[in-house]
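Student: Whatever this is, show me its structure:
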Amino acid sequence: MSSNHVVLLLGSNMGDTKKNLEIAITKIESRIGKIVKSSEMLETMPVEFVSNNIFRNIALGLYTNISPFSLLKEIKNIEKEMGRAQDSFVVGGYIDRIIDIDIVKYENINFLSKLLEIPHHKHTYEREFSKNLLKEL
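Tutor: Numbers count the residues shown, from 1 in each chain. As a prediction, this is how the structure comes out:
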C-alpha cells in the first residue's frame with residue numbers, strides 16, 4: 001500500500017491545551033503515521049460559537065497508509081480516549097472541547113459525504129487562523 005500525504009488540524013480549548021495537543025500528536029504519530037511537518041501552536045478565539053475558553057491550534061503534515069474513512073475512525077477514537085464526550089456533528093454545533101482533530105487534506109482527493117469533507121472547506125478557504133497555520137506547512 002502506498003503512503004498518502006495528509007494534513008490535520010488540531011485544536012483544544014479545555015484544560016491544559018498545550019498538553020492536550022502534545023498527547024494527541026503522540027497518539028497520531030504512533031497510530032496513524034509519521035509526522036513530517038508541523039506549524040507553530042497558535043492561540044485563537046472560538047469560531048462559530050461563544051466561549052470564554054481560548055483555543056490552541058496546530059497543523060500537522062504526515063504520511064499514512066490508512067484510508068480516509070479509517071483515518072476518520074482512528075481520529076474519533078483518539079478524541080474519545082482523550083475525553084471528548086460528543087462530536088460537533090452529534091451535538092449539532094460547536095462546543096468547548098478537550099481535543100478536536102480535523103482532516104484538512106488527504107492527498108489530492110476531493111470527497112464529500114455526510115461524515116467527511118476533503119478538503120475541509122472551512123479550514124482551507126474560510127477560517128483565517130486555519131489558513132495561517134496551513135501556510136506554515
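
Student: all helices of the protein, in order?
Tutor: For the chain, the helices defined by DSSP state H cover 17-31, 68-81, 88-91, 121, 128-135.

Student: what about the protein, any weak spots by pLDDT?
Tutor: Counting by pLDDT under 70, the chain contains low-confidence ranges at 1-2, 86-94, 123-126.

Student: measure residue 44 to residue 63 for me?
Tutor: Separation of residue 44 from residue 63 (CB to CB, to the nearest Å) stands at 27 Å. (Glycine included, C-beta is placed from N, CA and C.)

Student: same thing with residue 32?
Tutor: Applying CB to CB to residue 32 and residue 63 gives a distance of 9 Å.

Student: Tell me which of the helices of the chain lies nearest to residue 105.
Tutor: Smallest distance to residue 105 across the helices of the chain (CB to CB): 8.5 Å, for helix 128-135.

Student: which outside residues touch that closest one?
Tutor: 7, 9, 39-40, 42, 44, 47, 57-59, 104, 122-125 (CB atoms under 8 Å, 6 or more residues apart in numbering).

Student: Flag every buried residue along it.
Tutor: 129-130, 133-134 (16 or more other CB atoms under 10 Å).

Student: Ok, stretch 7-17 next?
Tutor: Quick answer for stretch 7-17 (16+ other CB under 10 Å): 7-14, 17.

Student: Could I have the CA atoms of that stretch written out in CSV?
Tutor: C-alpha atoms of stretch 7-17 as CSV (Å, rounded to 0.1, in the frame of the first residue of the first chain):
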residue,chain,number,x,y,z
VAL,A,7,-2.9,17.4,6.7
LEU,A,8,-4.6,17.5,10.0
LEU,A,9,-5.7,20.5,12.1
LEU,A,10,-5.9,20.1,15.9
GLY,A,11,-7.5,22.3,18.5
SER,A,12,-8.1,22.3,22.2
ASN,A,13,-9.8,24.9,24.5
MET,A,14,-10.3,23.0,27.7
GLY,A,15,-7.8,22.2,30.4
ASP,A,16,-4.1,22.3,29.6
THR,A,17,-4.4,22.9,25.9
